[in-house]
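Colleague: need a structure here:
(2 chains)
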Number of protein chains: 2
Amino acid sequence: MTAAVPPEIVAFLQVETPDEWLDEAEQRLPELLLDHANCELKAASTALGFLYRYPDRPALAQRMSRLAREELRHFEQVRSIMEEMGIAFERLSASRYAGRLRDSVRREEPAHLLDLLLIGALIEARSCERFARVAPRLPAGLGKFYNGLLASEARHFQHYIAFARSECGITDAEIDERLDALKSLEAELIISPDADFRFHSGTPTVVDPTG
Amino acid sequence: MTAAVPPEIVAFLQVETPDEWLDEAEQRLPELLLDHANCELKAASTALGFLYRYPDRPALAQRMSRLAREELRHFEQVRSIMEEMGIAFERLSASRYAGRLRDSVRREEPAHLLDLLLIGALIEARSCERFARVAPRLPAGLGKFYNGLLASEARHFQHYIAFARSECGITDAEIDERLDALKSLEAELIISPDADFRFHSGTPTVVDPTG
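Modeller: Predicted coordinates:
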């Protein structure tokens, strides 16, 4: 059974993953899994970062702690699958996608918190979309696992958006304006040519076969 | 029902917690809980640190990820209790205990990994002992919660020791020698006078009532 991209995710993202990326992912499963495991670990660290930076916000702290636990469980699951497939784990540096989104975070509060939360929502939404799109092209067991992750990512996306609205003391109009700008940046990173293949990379560049 | 200190923990630690510390803890419940919550968060971060520093060791990575999840769940539980009791959370700097143990970690590998693991075992063992000793002096609900944490800490202690023996490629004799030295330092930190009250602080200094 294949899960579709949830409609709220389709509505949230400005562009869908190009087919070229899906073709590439199908051919580069070990790299996809390795980057995926790295992403889960980074997502857990990012969630913990909220606990350290905003320790006095109980609702945010409890949610982010639970979120970190869930990402760590996924990390363990991906590593188990890698072990079974004989794929070694190594740490990867930040991808273009994560790096460019992170570079756009403003420094002053409460804009800083807002940007972190909105970017968190975007990354979760994109991950959800990619899991749904790529799952039917994967070996059955892995496809099933990816379909199972969909629901988590969709929930995380909702949590990030809810905190952006409740924790920052910024008007909805201002939040929407900032969100539109970040959505455009995210869409550009997904569509534009990207020489690296990663879980969140852009359209694969065509390698010149005569080159 | 009161859980006793597990015999393997009694055998492992060189000294038991002084009664003066238990008397103090009974009187300073908010500070005890605040430091405890901070310790759980730091324990989770420390476990994640192993994933970042030693990414290519699958058994260690899986265990430390699970350990981080367990510490985060405890963090959430302590914060919930604090919420109910109206105690605000704030981040605390490292205690004398954690700071001095950390300062003793050697830099070169594999001594670095060995020291991190042995200190992890010591902190878990001491936490277990303190939970067991302080639980009977606490309000019923909290005492029950602390008794429940005992089993986790005793398990974590065993995991750290097992990894020290399996992951470092150091002879048992050398490990035992280093462990004895660290146990002596740990015992000194527990016994010696300590002006700060923390979850792992030493013997409380007597405040001169005429001072």
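Colleague: CA only for contacts and neighbour counts going forward, please
Modeller: OK.
Colleague: middle-most residue in chain A, spatially?
Modeller: Residue closest to the average C-alpha location in chain A (Cα atoms, centre = their mean): A:I123, at 3.1 Å.
Colleague: which parts of chain A sit against chain B?
Modeller: A:52, A:55-56, A:58, A:62, A:65-66, A:68-69, A:72-73, A:76, A:79, A:88-91 (Cα under 8 Å from any Cα of the partner chain).
Colleague: A:R106: what's it in contact with?
Modeller: Contact analysis of A:R106 by Cα atoms under 8 Å, 6 or more residues apart in numbering or on different chains lists A:112, A:115.
Colleague: ok but it is inside a strand, no?
Modeller: No: applying DSSP: H, G, I helix; E, B strand; the rest coil, one finds A:R106 to be coil, outside a strand.
Colleague: so what does it look like in phi/psi?
Modeller: Phi and psi for A:R106, reported as degrees, to the nearest 10, are phi -80, psi 160.
Colleague: the strands in chain A, which residues?
Modeller: With DSSP state E, the ranges of strands along chain A come out as A:193-194, A:203-204.
Colleague: got the ones you listed as CSV, with mean neighbour count and mean pLDDT columns?
Modeller: Listed next are the strands of chain A as CSV, based on neighbours: other Cα atoms under 10 Å in any protein chain shown; pLDDT from 0 to 100:
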stretch, mean neighbour count, mean pLDDT
strand A:193-194, 16, 97
strand A:203-204, 23, 96
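Colleague: wait, A:I190 touches A:G202, no?
Modeller: Yes: if you go by Cα atoms under 8 Å, A:I190 and A:G202 touch, sitting 4.1 Å apart.
Colleague: ok, A:A37 to chain B distance?
Modeller: 11 Å (Cα to the nearest Cα, to the nearest Å).
Colleague: ok, now which ones touch the nearest residue to that residue once chain neighbours are set aside?
Modeller: Distance criterion Cα to Cα, 6 or more residues apart in numbering or on different chains; nearest residue to A:A37, sequence neighbours excluded, is A:F75 at 5.3 Å. Contacts for A:F75 (Cα under 8 Å, 6+ apart) come out as A:37-38, A:40-41.
Colleague: name the residues of stretch A:18-30 that are buried.
Modeller: Within stretch A:18-30, the residues that count as buried by 16 or more other Cα atoms under 10 Å in any protein chain shown are A:21-22, A:25-26, A:30.
Colleague: chain A: helices as residue ranges?
Modeller: With DSSP state H, the ranges of helices along chain A come out as A:7-12, A:19-27, A:29-53, A:58-85, A:96-103, A:111-134, A:140-167, A:172-191.
Colleague: and which of the buried residues of stretch A:18-30 is nearest chain B?
Modeller: Taking Cα to the nearest Cα as the measure, A:P30 is the one of the buried residues of stretch A:18-30 closest to chain B, at 15.5 Å.
Colleague: the closest one contacts A:F89, doesn't it?
Modeller: No: counting by Cα under 8 Å, A:P30 stays clear of A:F89, with 9.9 Å between them.
Colleague: neighbours around the closest residue to A:R126 other than its chain neighbours, how many?
Modeller: Computed as Cα to Cα, 6+ apart, the closest residue to A:R126 that is not its neighbour in sequence is A:L13, at 7.4 Å. Using other Cα atoms under 10 Å in any protein chain shown, A:L13 has 18 other residues around it.
Colleague: how close does A:L13 sit to B:R198?
Modeller: 48 Å (Cα to Cα, to the nearest Å).
Colleague: what of A:Q14?
Modeller: Computed as Cα to Cα, the A:Q14 to B:R198 distance reads 51 Å.
Colleague: so for the two, which residue has more residues nearby?
Modeller: Legend: neighbour count by other Cα under 10 Å for A:Q14 and B:R198, higher for B:R198 (24 against 15).
Colleague: against B:G120, how distant is that one?
Modeller: Distance, B:R198 to B:G120, by Cα to Cα: 18 Å.
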